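Give me a model of this one.
(chains A, B, C and D, ligands or ions: 4)
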Number of protein chains: 2
Amino acid sequence: MFKSNYMHSFTEENYLKTIYHLSTTNSLVVSTNQIAEITNTKAASVTDMLKKLSDKKLINYIRYQGVTLTENGKNAALNIIRKHRLWEVFLVEKLGFKWDEVHDIAEELEHINSEMLINRLDDFLGNPSADPHGDPIPDRKGAIQQKKMIRISEMNQSECGIISGVSEHSSIFLKLLDKLGLTLGTHVLVREKIEFDGSVIIQINEQIDQTISRELAKNILIML
Amino acid sequence: MFKSNYMHSFTEENYLKTIYHLSTTNSLVVSTNQIAEITNTKAASVTDMLKKLSDKKLINYIRYQGVTLTENGKNAALNIIRKHRLWEVFLVEKLGFKWDEVHDIAEELEHINSEMLINRLDDFLGNPSADPHGDPIPDRKGAIQQKKMIRISEMNQSECGIISGVSEHSSIFLKLLDKLGLTLGTHVLVREKIEFDGSVIIQINEQIDQTISRELAKNILIML
DNA sequence: TTATTTTTTTAGACTAATCTAAAAATTTAA
DNA sequence: TTAAATTTTTAGATTAGTCTAAAAAAATAA
Ligand SMILES: [Mn+2]
Ligand SMILES: [Mn+2]
Ligand SMILES: [Mn+2]
Ligand SMILES: [Mn+2]
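Numbers count the residues shown, from 1 in each chain, chains lettered A, B, ... in the order given. Ligands and ions are numbered 1, 2, ... in the order given. Model prediction:
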């Protein structure tokens, strides 16, 4: 078993992951302040770390201009995300955790360093393609197959589909979805879109109708 | 779920575990140099840490006189050992690792902090009482049931028993035991003790006879 | 296009964990 | 019971990651 990639510290890994998430959800180029906000640090600390990651050739960094991940940096980030999501599957599928309970534990487990471990875990779980929140799991080469999903708020009247993901991962949000029966795999049909407040009336699993707020509709992802 | 014990750093946890192991295998009182050797640090660094652990009331420390664990320190150490051994069981039983491959990974996993996680893992594994090396697993209260075992080197001629543990955990030693068929659960009968070099002729599983060196005989533990 | 606001970086300091070298205490040996 | 050797502690530095305050650059507004 040979060591293919360099070791990065716990902290460096968290920065890389943060930059990856920001660059895929917002603009490709990520700013110092954005990173500071997510990592709960100050801009000055971020600047220090950006210099270090740049020295290690994990990011492309020009003063005052924001950063992007290099190929190496992107691979490192994807590997951490792979580990995070596989551990989340393990916690839910094997240990019986709820989907709103696993994130914090996975934040710790994602830093365990063993390629053999994570590949065997992957096999043990049956090589899942998505985590408990519907997020895709990169394969051992870092390839990620993004499914096309739209938010309920973007659906048209009488369109239907299956709940396949969420764009908000807080415990309070996920527990609410549980309560409303809006878990992954649920069939949703848009009955009516209320223009006044952005709320949406949906039919759940071809049975009851329910009104959900715009906030909810914006954060539930549907595969048509 | 309430937080019962304070958080300790990764490093503090490793010192506590080291002190526990030294105080149970050697004398109760542990010296600075012993700790330095196991933790791969220098005596000066150990002294610094001992002051910190003493301030936190995890050890009883008097300058120049060595340390013992307090009740809190012992509980913290046992909790880490519990996690280490449960993870080792998981790696072997669920992911198919060999007993010589799991220690280093468990050294990382033992620092994951979640009581809920470890208790669920315990249940998932069927509440095992020993790890893959035969070492007892403390229960969730820290209680440990030590089985009485003796080394092959201490057995008398024509005594027999079951291999139930090892007192050496290096990969090279464990792989050798595999090769010789001396894994946990193997039945051993002492045929003859060679005085000249301390080697022992044993019968394995009521079948073939084999001569093992004193070094081997000293590190294999038997339950009579 | 100049002035104001916002963002980012630098300067200097702090903490945890480590080190080397030297001093102090303890143990062992003569 | 004194001298020598060993062990342990202190003193003073170093590194990673963080902070606050101030300076510099960029973006926005007048
Ligand atoms: Mn997560
Ligand atoms: Mn997830
Ligand atoms: Mn081990
Ligand atoms: Mn073990």
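
On the pLDDT front, check the nearest residue to residue A:16 once chain neighbours are set aside for me.
The shortest distance from residue A:16 to any non-neighbouring residue, by CB to CB, 6 or more residues apart in numbering or on different chains, is to residue A:77 (4.5 Å). The way it works is simple: take the backbone N, C-alpha and C, and place the C-beta from them, glycine included. The score at residue A:77 is 98. That number is its pLDDT.

what about residue A:77, which helix or strand?
Residue A:77 belongs to helix A:71-89 when elements are defined using DSSP states H and E.

now the spatially most central residue of chain A, nearest residue through space, not along the chain?
Centroid check for chain A by CA atoms, centre = their mean gives residue A:135 as the closest residue, at 5.6 Å. Distances taken as CB to CB, 6+ apart place residue A:85 nearest to residue A:135, at 6.0 Å, with adjacent residues excluded.

list the contacts for that neighbour?
A:106, A:130, A:131, A:135, A:136, A:137, A:138 (CB atoms under 8 Å, 6 or more residues apart in numbering or on different chains).

For chain A, which segments count as helices?
With DSSP state H as the criterion, chain A has helices at A:10-25, A:32-39, A:43-55, A:71-89, A:103-109, A:115-124, A:171-180, A:214-219.

can I get those helices in a markdown table with distance to residue B:122?
Shown next, in a markdown table, are the helices of chain A (distance: least, CB to CB, whole Å):
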| stretch | distance to residue B:122 |
| --- | --- |
| helix A:10-25 | 26 |
| helix A:32-39 | 33 |
| helix A:43-55 | 38 |
| helix A:71-89 | 17 |
| helix A:103-109 | 15 |
| helix A:115-124 | 18 |
| helix A:171-180 | 24 |
| helix A:214-219 | 35 |
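
Same list (those) but as JSON lines, adding distance to ligand 4.
JSON lines is the format used below for the helices of chain A (distance: least, CB to the ion, whole Å):
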{"stretch": "helix A:10-25", "distance to ligand 4": "25"}
{"stretch": "helix A:32-39", "distance to ligand 4": "36"}
{"stretch": "helix A:43-55", "distance to ligand 4": "36"}
{"stretch": "helix A:71-89", "distance to ligand 4": "22"}
{"stretch": "helix A:103-109", "distance to ligand 4": "20"}
{"stretch": "helix A:115-124", "distance to ligand 4": "16"}
{"stretch": "helix A:171-180", "distance to ligand 4": "35"}
{"stretch": "helix A:214-219", "distance to ligand 4": "44"}
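
Packed most tightly, which of the ones you listed would that be?
helix A:71-89 (a mean of 21; mean count of other CB atoms under 10 Å in any protein chain shown).

chain center to that helix, what's the gap?
The gap between where helix A:71-89 is centred and where its chain is centred comes out at 11 Å by CA atoms, centre = their mean, to the nearest Å.

and what of stretch A:63-72?
21 Å.

so where's chain A uncertain?
Of all residues in chain A, those with pLDDT under 70 make up the ranges A:1-6.

Got the domain ranges for chain A?
The domain map for chain A lists A:10-69, A:83-146, A:150-223, with the assignment taken from automatic domain parsing.

So which of these is nearest residue B:114?
Nearest to residue B:114 among these is domain A:83-146; the distance by CB to CB comes to 5.1 Å.

Could you list the contact residues of chain A toward DNA strand C?
Taking CB under 7 Å from any atom of the strand as the measure of proximity, chain A contacts DNA strand C at A:31-34, A:43-44, A:46-48, A:50-51, A:61, A:63-66.

circling back to that earlier point, pretty sure the residue nearest to residue A:16 contacts residue A:14?
No - the pair residue A:77 / residue A:14 is not scored as a contact, 10.1 Å apart, by CB atoms under 8 Å.

how close does the residue lying farthest from the centre of chain A get to DNA strand D?
Most distant residue from the mean C-alpha position of chain A: residue A:196, 30.9 Å away (CA atoms, centre = their mean). Distance of residue A:196 to DNA strand D, given as CB to the nearest atom of the strand, to the nearest Å: 30 Å.

residue contacts, residue A:44?
Contacts of residue A:44 by CB under 8 Å, 6+ apart: none found.

on that earlier part again, okay, the residue nearest to the centre of chain A and residue A:76: tell me how far apart.
Distance, residue A:135 to residue A:76, by CB to CB, to the nearest Å: 18 Å.

cool, residue A:190 as well?
Distance, residue A:190 to residue A:76, using CB to CB: 40 Å.

How about the contacts made by the residue lying closest to residue A:212 once chain neighbours are set aside?
Once flanking residues are discounted, residue A:212 sits nearest to residue A:200: 5.7 Å by CB to CB, 6+ apart. By CB under 8 Å, 6+ apart, the contact list for residue A:200 reads A:152, A:153, A:155, A:190, A:192, A:193, A:194, A:211, A:212, A:214, A:217.

again, 10 Å this time
A:152-153, A:155, A:157, A:188, A:190-194, A:210-214, A:216-218, A:220 (CB atoms under 10 Å, 6 or more residues apart in numbering or on different chains).

Pull out the buried members of those residues.
For those, a burial check counting by 16 or more other CB atoms under 10 Å in any protein chain shown picks out A:152, A:153, A:155, A:188, A:190, A:193, A:210, A:212, A:216, A:217, A:218, A:220.

How about the residues of chain A by ligand 2?
Residues of chain A lying close to ligand 2 (CB under 5 Å from the ion) are A:88, A:131, A:133, A:135.

right, and the last one touches residue A:84 too?
Yes - taking CB atoms under 10 Å as the contact criterion, residue A:135 and residue A:84 are neighbours in contact, 9.1 Å apart.

Spit out the residues that contact these two alike.
Here residue A:135 and residue A:84 have no joint contacts, going by CB under 10 Å, 6+ apart.

and the residue nearest to the centre of chain A, what is it in contact with?
With contact taken as CB under 10 Å, 6+ apart, residue A:135 is in contact with A:81, A:84, A:85, A:88, A:144, A:146, A:147, A:165, A:166, A:167, A:169, A:221.

So it versus chain B, what's the distance?
Here the criterion is CB to the nearest CB, to the nearest Å. By it, residue A:135 lies 21 Å from chain B.

Now that residue, what are its backbone angles?
Per-residue torsions, residue A:135: phi -80, psi 140 (degrees, to the nearest 10).

if we can go back for a sec, let me know the closest of the residues of chain A next to ligand 2 to residue B:96.
Closest approach to residue B:96 among those (CB to CB): residue A:88, at 21.6 Å.

From residue A:182, how far out is that closest one?
Distance, residue A:88 to residue A:182, by CB to CB: 19 Å.

swap in residue A:165?
Counting by CB to CB, the separation of residue A:165 from residue A:182 is 12 Å.

any common contacting residues for those two?
Residues touching both residue A:165 and residue A:182 (CB under 10 Å, 6+ apart): residue A:220.

got the residues of chain A near DNA strand D?
Close to DNA strand D, as judged by CB under 7 Å from any atom of the strand, chain A has residues A:9-12, A:39-42, A:44-45, A:48-49, A:52, A:64.
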